[in-house]
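Colleague: Just need the structure, nothing else, for what follows:
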Amino acid sequence: MSTAGFNSQNGTGTGQTYTNGPSQNPVAVQQLPGGSYGMTQQPTYNPMQAKAPAPLGPGLYPSGPYQPAPPVSSYQHAPPCQLLPTSSSRPAADDQTSVGRSSTPHPPSVCQPWSEQPQHMPPAWQYNNTHPSMGPPSSMGTPPRGAMANHVNPAASSTAPLLPPSSAAYSSAPAAHVSHSGAQPPGPGSPPTSLHGYIQPGTAPPPMNPMAPNTYQPSRASYGPPPTGPPPTMKPTAPPTGPPMANAKPPPPRADAQCGGAVNSTLPPTEPDCQDGDIECPGTMAGNGPQASNSHNHVDNKMAGMPQHGPPGRHLGHYPSLPPGYQNTPAPHNAPPPMHPALQAATQPYTQAHQPYQQPPGGPGPAQLSPSLAAMSLQSNTPESLRVVNLLQERNLLPPSPTPPPTPCLPQDLQKINCNPEVFRSTLTSIPQTQSLLNKAKMPLGLMLHPFKDLSQLPVVTSSTIVRCRSCRTYINPFVSFLDQRRWKCNLCHRVNDVSRSYGEPHKRPEVQNATIEFIAPSEYMLRPPQPAAYLFVLDVSHNAVETGYLNVFCQSMLENINALPGDSRTKVGFITFDSTIHFYNLQEGLSQPQMLIVSDIEDIFLPTPDSLLVNLNECKELVQDLLKSLPTLFQKTMETQSALGSALQAAFKLLSPTGGRMTIFQTQLPNLGVGALQSREDPNQRASAKDIQHLSPATDFYKKLALDCSGQQVSVDLFLLSSQYCDLASLGCISRYSAGTVYYYPSYHHQRNPAQVECFQKDLKRYLTRKIGFEAVMRIRCTKGLSIHTFHGNFFVRSTDLLSLPNVNPDAGFAVQMSIEENLDDLQVVSFQAALLYTSSKGERRIRVHTLCLPVVNSLSDIFAGADVQAISGLLACMAVDRSATASLSDARDAMTNAAIDSLTSYRQSVLTIQQPGLLAPACLRLFPLFILALLKQKAFRTGTSTRLDDRVFAMLQLKYQPLVYSLLMIHPALYRVDDLTDEGALNINERTIPQPRVLQLSVEKLSREAAFLMDAGTVMYLWIGRNCHPNFLSQVLGVPSYAAVPDNLYLLPELDTAESQRTRAFIGWLRDQRPFFPPMHVIREESQLKPTFMQNMIEDRTESALSYYEFLLHLQQQISK
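Modeller: Take a look at the predicted model:
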């Protein structure tokens, strides 16, 4: 997409990278965020880049240094300065940006004269908002002609952004001032190795096999998706016809607003720390002096060229079905034991339980870093995480019980107070010293966040003084260093700060003892009284909506939970209904009954009585209850079939704009009238196509523009979509994605024909209405100087540089960020990351929740691999693949995920193993990586060749983007349990309930038995599969039926029988459901059930007509790695 096209929709000036610490060019005037030129930076690892063809010879990656790109030949002036209006009536944002209202939610560009040259950006994927016209994609089998530029040139600026097809680098070429740092030379002698052939921790990596220089290689075959056609003939490919990729010039800079997708940026400019209206820096503090900012330059790197597709595949039949001894290999002897009940009680499959924050011991305190930390590399013996696993020989790799995330290698006093991994988690628990070392590892560096998670223990601090670093504005935390009782050294920018005597003894302060803390902000942290809780419900009342019966469920749920809505005496509520016209409801105090006001001019929407449509709930509760009781019958006989959703949204925006708040939309059909009207884009005949999927991007920018307007006025939009027909969720979802809202989707919803969906809707709605909520929130993530964040994932709008605007924040929302290493971390033993979430509680309190994570720095590849978190890596790759699907193509995203597994295992084999062995080798910590990648390829969001409704696919993508990691993992790789033989052996005892703990089984039909019953937990849905010859005792004692034939077709509730078997089964299912905030419906299915194909599609390890089995996929990986 061209710069102009993107800026016209989003505005400019957002999405910059930030690094902390003082900058070199402090200025004395307030600097507003905006696009400008920044300095060049280290190449950034990106596992989702396109691949170029490769030769068939050995060695996939060069060992030589990266070749720098020449500097940009001409200097271009930054856009003219503009001033950003501020409002004195709104609270200010976290750090340097005020949460103020403006006519547009994005800041304008500003001049930044101190920048030196355009920034060469790390590639990232962004959601296109409108699809530009594209030429025919080039085939991977044909090398590109002419010079390949790795930036957008004017002639090709409208093409879909691609990542560089260089197979050797995981990022754009480094800029000219970066020295050759692509590979570290081996040490003077052979490094010591372990018995397993590993480099001893702390040593330099061994020399790699000599390979071709780091240049674009058109003869290399793309990894591509698993083969699906006849074997290709092996013919030499013509040499490249253009200059190598490494010599391409950096792109011309531009500033883009980025919302909810990928955010790229560069090194920071400088500005005074205390800006007008800075909530986290209220006013000018005495003695603070000039301080560095977190506002930064932004440049997008779009790759010229067209999407490239994978090579012609080979026929699947050449793979053997199973190798000798593969099927019956026993489980590994060192499988982790079941977790302690106290840990497992609150955990999900493949997650770690919540750990209470422990108080540190006495003495110098946890904040004093141990001088021996530099020697805290992995132990001399090979750790379990680096145990060599031959994936082709070890069949039973799946742990029998949930696996906790890896523990960072930190001193004990630091580790026991580190942030809970369910809140803050890194893909690598050992941070590489340099970007070149990270590039060698071929694994993504990023963070997974669940910042507003419901916590059982949360220390809350009420203090008139919130201690922060004067330079980078980091909040004091357990990982700072105290020089004495009055001086502390920031663990992010390393500045020495003072604390006043009134602060008391620093080591005893809760914020120095807890990695997660919440501050109640003093009055100087806000510019106006916090907004009241405001809830506006916008309801579709067309004929289609009334037929579904959702209106009865909504009104009944509202009546039951109206007193549980979060808020105080100022809480406001309002209702709008719509079909082809817009209906407002006057709920003014003193009326005997609600008054309906109809506006039929949907082209010029207005509010008939602005002061009586959004009313105080406590003062007008009886009128609200009367309206909820009458709504279901009010439209019972309507025959209106049209839907003017766009106009209803405009009306709701006008109503909520003065206060901000939450807008909740209920929609049951494709909007077909007025602004925002859509047409069906789905071809049902293409649902099972193996080709690229079309229409994953929005058809119009109306909903995104409106979402940005909402975000600017502190309004968040949540969408409940209840429909059996295509509704273009790719377009409608933008209203929630860019306003920090959430999408709820109930396909085929009907109050009679689909009772399981009705139950799910009821439970979700109750949770939605009563859960905790934060208003007018902003979030900023800081990291130790030398690290930078360049991409965000989730539902939000990037207001300025690195500041995420969250008009509402809820405890069920997750975020992810990608990171790079801009400066070598040679002098550091640990690095820290801090997420600060500033929000207004429903009670009107301004609060700041701070999470701080500390991780060690390592200098060897073996240490990096030992600390890899395969679950977090898979979750981050899923987010990146969703972006790739929208900006390039689904096939590109699938290729990139496959390449990620190939690249990391190749790096491990070539750079970590010193004794080469046959087979597909992986470290134990990554043994599940190929399985998770295959699961993603077969997941509803990315699968091909299987009939998938377009809305179902888009919803799956939305879930992967905003679900916290612990929930998305089950959507990627479901858990399978046998439940007809549950016992109390190894069971948990929770609240006087006995919870059986059956073994997690592999997702293969091989594990099923017709004599048994199995429960599959797929995250958002559960399936109870009943074998044809299931024991009659289970049928009668659990299902309450005498025989298999008597099992009802649409059974979704287990009867509450007074039998031990029934109690165990219901207790286990209830325990699984209690661990997530949403309600997964359960379907009881027989072998003849219509849902059986859906159940079987989750058998990831089995082969289907359109996808490889797990073993065939491993062979495919081995084939690519051995080239």
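Colleague: Stretch 905-925: which residues count as buried?
Modeller: Judged by neighbour count using 16 or more other CB atoms under 10 Å, the buried positions of stretch 905-925 are 905-914, 920-925. For glycine as for every other residue, the C-beta is placed from the backbone atoms N, C-alpha and C.
Colleague: tell me the least confident of the residues you listed?
Modeller: Of all those, Thr914 has the smallest pLDDT value, namely 81.
Colleague: right, and Asp883 touches His793 too?
Modeller: Yes - the criterion here is CB atoms under 8 Å, and Asp883 meets it with His793 at 7.5 Å.
Colleague: Comparing those two, which residue is more hemmed in?
Modeller: His793 (29 against 24; other CB atoms under 10 Å).
Colleague: I figured that one hits Gly875, correct?
Modeller: No - look at His793 against Gly875 with CB under 8 Å: they stay out of range, at 9.5 Å.
Colleague: what sits in contact with each of those two?
Modeller: Ala816 (CB atoms under 8 Å, 6 or more residues apart in numbering).
Colleague: measure Glu524 to Gln834 for me?
Modeller: 21 Å (CB to CB, to the nearest Å).
Colleague: swap that for Pro432, please
Modeller: 20 Å.
Colleague: do the same with Ile665
Modeller: Counting by CB to CB, the gap from Ile665 to Gln834 is 35 Å.
Colleague: residues contacting Gly794?
Modeller: Taking CB under 8 Å, 6+ apart as the criterion, Gly794 is in contact with Gly260, Leu804, Ala813, Gly814, Phe815, Ala816, Lys961, Tyr962.
Colleague: and if you look at Asp568?
Modeller: Asp568 touches Pro532, Ala533, Ser842, Lys843, Gly844, counting by CB under 8 Å, 6+ apart.
Colleague: From the buried residues of stretch 905-925, which land in helices?
Modeller: Counting by DSSP state H, the members of the buried residues of stretch 905-925 that fall within helices are Leu905, Thr906, Ser907.
Colleague: out of the residues you listed, who's nearest Ile576?
Modeller: Nearest to Ile576 among these: Leu905, at 54.4 Å, using CB to CB.
Colleague: ok, and the closest non-adjacent residue to Ala1046?
Modeller: Leu1035 (7.7 Å; CB to CB, 6 or more residues apart in numbering).
Colleague: neighbours of the one you found, just the number please.
Modeller: Neighbours of Leu1035 using other CB under 10 Å come to 20.
Colleague: hang on, Glu1056 in a helix?
Modeller: No - using DSSP: H, G, I helix; E, B strand; the rest coil, the secondary structure at Glu1056 is coil, not a helix.
Colleague: rewinding a little: need the contacts of Asp568 in TSV (columns: secondary structure).
Modeller: Shown next, in TSV, are the contacts of Asp568 (three-state DSSP):
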residue	secondary structure
Pro532	coil
Ala533	coil
Ser842	coil
Lys843	coil
Gly844	coil
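Colleague: could you pull out the strands for the stretch 651-800 of the chain?
Modeller: 661-667, 715-723, 743-747, 774-783, 787-793, 797-800 (DSSP state E, counting those that start in this stretch).
Colleague: what mean pLDDT does the longest one have?
Modeller: pLDDT averaged over strand 774-783 equals 95, rounded to a whole number.
Colleague: got it, and the fifth one?
Modeller: Mean pLDDT, taken over the full extent of strand 787-793, equals 93.
Colleague: quick one on the thing from earlier: pretty sure the residue nearest to Ala1046 contacts Ala1045?
Modeller: No - contact criterion CB under 8 Å: Leu1035 and Ala1045 do not qualify, at 9.9 Å.
Colleague: in terms of contact, does Gly919 touch Leu391 like I think?
Modeller: Yes - here Gly919 lies in contact with Leu391, judged by CB under 8 Å, at a distance of 7.5 Å.
Colleague: Strands - which of the buried residues of stretch 905-925 land there?
Modeller: In strands, defined here by DSSP state E, the members of these are Leu921, Ala922, Pro923.
Colleague: any idea of the pLDDT on Ser523?
Modeller: On the pLDDT scale, Ser523 gets 79.
Colleague: Spit out the contact partners of it.
Modeller: Per CB under 8 Å, 6+ apart, neighbours of Ser523: none.
Colleague: all numbers from here: first residue = 18
Modeller: Let's use 18 as the start, then, which means that last one is Ser540.
Colleague: Return the backbone torsion pair for it.
Modeller: Backbone torsions of Ser540, given as degrees, to the nearest 10, read phi -60, psi -30.
Colleague: Check Ser849 too.
Modeller: Dihedral angles (degrees, to the nearest 10) for Ser849: phi -130, psi 150.
Colleague: Tell me the spacing between Phe778 and Phe683.
Modeller: 10 Å.
Colleague: Name the residues contacting each of the two.
Modeller: Tyr567, Phe737, Leu739.
Colleague: What's the local residue count around Ser765?
Modeller: Neighbour tally, Ser765, other CB under 10 Å: 13.
Colleague: Likewise for Met613?
Modeller: The burial count for Met613: 12, using other CB under 10 Å.
Colleague: Wait, it touches His600, no?
Modeller: Yes - if you go by CB under 8 Å, Met613 and His600 touch, sitting 5.5 Å apart.
Colleague: contacting residues for Pro1094?
Modeller: Asp471, Arg784, Arg788, Pro828, Asp829.
Colleague: pLDDT, neighbour count and distance to Asn514 for those residues - can I get that in a markdown table?
Modeller: Below are the contacts of Pro1094 laid out as a markdown table (pLDDT from 0 to 100; neighbours: other CB atoms under 10 Å; distance: CB to CB, whole Å):
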| residue | pLDDT | neighbour count | distance to Asn514 |
| --- | --- | --- | --- |
| Asp471 | 94 | 12 | 33 |
| Arg784 | 96 | 17 | 42 |
| Arg788 | 96 | 14 | 37 |
| Pro828 | 96 | 17 | 32 |
| Asp829 | 95 | 21 | 36 |
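Colleague: closest to Ala1077 among those?
Modeller: Arg784 (30.7 Å).
Colleague: Now that closest one: closest residue in space that isn't a chain neighbour?
Modeller: Per CB to CB, 6+ apart, closest to Arg784 is Pro1094, 5.9 Å.
Colleague: Then Pro422?
Modeller: Pro438 (4.5 Å).
Colleague: about what we covered before: need the overlap of contacts for Met613 and His600.
Modeller: Counting by CB under 8 Å, 6+ apart, no residue touches both Met613 and His600.
Colleague: on that earlier part again, just the ones of the contacts of Gly811 in strands?
Modeller: Among the contacts of Gly811, the subset assigned to strands under DSSP E consists of Leu821, Phe832, Ala833.
Colleague: What is the nearest of those to Leu414?
Modeller: Leu414 has its nearest neighbour among the ones in strands among the contacts of Gly811 in Ala833, at 25.6 Å by CB to CB.
Colleague: what about the closest one, how many residues close to it?
Modeller: So Ala833, with other CB under 10 Å, has 26 neighbours.
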